[in-house]
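**Q** predicted structure and sequence below. I'll ask about it afterward.
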Amino acid sequence: MDAKTLLDRMNNAHAPTGICLDEPYAEFLATIAHKLSADELDKLVTFGAALTDMILIPYMRASDWAKVE
């Protein structure tokens, strides 16, 4: 799977949150994606979405609050 397709899949997993992952992240994942089965790749996309939701979103919100104060 190429980086563009992988980036689209990851961003679609984040559609409700509005998070858009960038090209370097997709390039990194694409380097290992060709070694994974379709099932493993689906798990990676799901895990990446969950991890981002648990870590990145709260961090971004905390950063926004820090700017307000």
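**A** Happy to help now that I have it. Numbers count the residues shown, from 1 in each chain.
**Q** just say helix, strand or coil for Leu44.
**A** What DSSP: H, G, I helix; E, B strand; the rest coil gives for Leu44 is helix.
**Q** please report the number of neighbouring residues for it.
**A** 17 (other Cβ atoms under 10 Å). Bear in mind the C-beta positions are built from the backbone N, C-alpha and C, glycine included.
**Q** now it: closest residue in space that isn't a chain neighbour?
**A** Leu36 (6.6 Å; Cβ to Cβ, 6 or more residues apart in numbering).
**Q** Leu41: neighbouring residues, count only.
**A** 18.
**Q** also Glu27?
**A** 14.
**Q** cool, and Thr5?
**A** By other Cβ under 10 Å, neighbour count at Thr5 equals 12.
**Q** make 747 the first number, not 1, from now on.
**A** Yep, numbering from 747; the last one is Thr751 now.
**Q** against Glu786, how distant is Met756?
**A** Separation of Met756 from Glu786 (Cβ to Cβ, to the nearest Å) stands at 15 Å.
**Q** could you do Phe774 as well?
**A** In terms of Cβ to Cβ, Phe774 sits 16 Å off from Glu786.
**Q** any weak-confidence spans in the protein?
**A** 747-749, 759-772, 795, 797-815 (pLDDT under 70).
**Q** one step back: could you look up the SS state of the residue nearest to Leu790?
**A** Under three-state DSSP, Leu782 comes out as coil.
**Q** report how many residues lie close to it.
**A** For Leu782, the neighbour count with other Cβ under 10 Å is 14.
**Q** got the phi and psi for it?
**A** Taking degrees, to the nearest 10, you get phi -110, psi 150 for the backbone angles of Leu782.
**Q** Ala776 touches Leu752, doesn't it?
**A** Yes - between Ala776 and Leu752 there is a contact under Cβ atoms under 8 Å: 5.3 Å.
**Q** perfect, that will be all.
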